[in-house]
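Peer 1: here is the input, now give the coordinates:
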Amino acid sequence: GCGVAQNDAEAIQWYRRAADQRYAAAASNLGGFYALGRGVARDYVQAVRWHRVAADQGDATSQYVLGMLYASGLGVTKDHTEATRWYRLAADQGLARAQSMLGACYAWGRGVTKDDTEAIRWCRRAADQGHAESQLKLGQFYEIGCGVRKDDAEAARWYRLSADQGNVHARSALANLLQ
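Peer 2: Presented below is the predicted three-dimensional model:
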């Protein structure tokens, strides 16, 4: 707490009251408490329930989390198509980590038809916002020439941006590229 003792159980009660009145941020936080087992027993079904309340009101973070839950089959039946649908809703609102995951879905062909052009487009949107993992992915696309013209200089540029944020995989990729 800020100026008061932290009390997850009481916080959950207040979040529930606000979420019951359809306050999206409270529902999202409540979903997070259930997903993490913070102050309550971990319960992915309840996490899905509360994140869906928030997501249905347009909460991008909850839309992203629902995508993750569907992709992993936690609290719901595993469904990559449904995961991709939630990622897209969050990605369309500009959430970088959702854009990155949507790009990965296109790269792997999970929930959508494999499409390197779309994978790059979504990864670039996230990378342009400074998302380190997407910067690494773009570097890999340029290094191997997947969906783009092979370009080691462009690969190095994206690896450097990611590495400068502490991404050890990007540091290693950059070192390998430069040797």
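Peer 1: was I right to think Ala83 contacts Cys105?
Peer 2: Yes: counting by CB atoms under 8 Å, Cys105 is a contact partner of Ala83 at 7.4 Å. Where you see a C-beta, it was placed from the backbone N, CA and C, and this is true even at glycine.
Peer 1: give me the common contacts of those two.
Peer 2: Residues touching both Ala83 and Cys105 (CB atoms under 8 Å, 6 or more residues apart in numbering) are Gly111.
Peer 1: span of stretch 35-47 from start to end?
Peer 2: For stretch 35-47, the separation between the terminal residues is 5 Å (CA to CA, to the nearest Å).
Peer 1: name the residues of the helix or strand bottoming out on mean pLDDT in the chain that are buried.
Peer 2: Lowest mean confidence among the helices and strands of the chain (mean pLDDT, DSSP states H and E): helix 8-20, at a mean of 94. Within helix 8-20, the residues scored as buried using 16 or more other CB atoms under 10 Å are Ala11, Ile12, Tyr15, Ala18, Ala19.
Peer 1: check stretch 94-105 too.
Peer 2: By 16+ other CB under 10 Å, the buried positions in stretch 94-105 come out as Leu95, Ala96, Arg97, Ala98, Gln99, Ser100, Met101, Leu102, Gly103, Ala104, Cys105.
Peer 1: do stretch 146-160 as well
Peer 2: Neighbour-count burial for stretch 146-160 flags Gly147, Val148, Glu154, Ala155, Ala156, Arg157, Trp158, Tyr159 (criterion: 16+ other CB under 10 Å).
Peer 1: can I get it as CSV, trimmed to CA atoms?
Peer 2: Taking Å, rounded to 0.1, in the frame of the first residue of the first chain, the C-alpha atoms of stretch 146-160 are listed here in CSV:
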residue,chain,number,x,y,z
CYS,A,146,12.6,-14.0,-43.9
GLY,A,147,9.9,-11.9,-45.4
VAL,A,148,12.4,-9.1,-46.1
ARG,A,149,15.5,-8.7,-48.2
LYS,A,150,18.5,-10.1,-46.2
ASP,A,151,20.3,-7.1,-44.8
ASP,A,152,23.0,-7.6,-42.1
ALA,A,153,23.3,-3.8,-41.5
GLU,A,154,19.6,-3.6,-40.8
ALA,A,155,19.7,-6.7,-38.6
ALA,A,156,22.6,-5.2,-36.6
ARG,A,157,20.6,-2.0,-36.2
TRP,A,158,17.6,-3.8,-34.7
TYR,A,159,19.9,-6.1,-32.6
ARG,A,160,21.6,-3.0,-31.2
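Peer 1: roughly how far is it from the heart of the chain?
Peer 2: Averaging C-alpha positions (CA atoms, centre = their mean, to the nearest Å) puts stretch 146-160 23 Å from its chain's average.
Peer 1: go on, stretch 30-39?
Peer 2: The chain centre lies 18 Å from the centre of stretch 30-39; the measure is CA atoms, centre = their mean.
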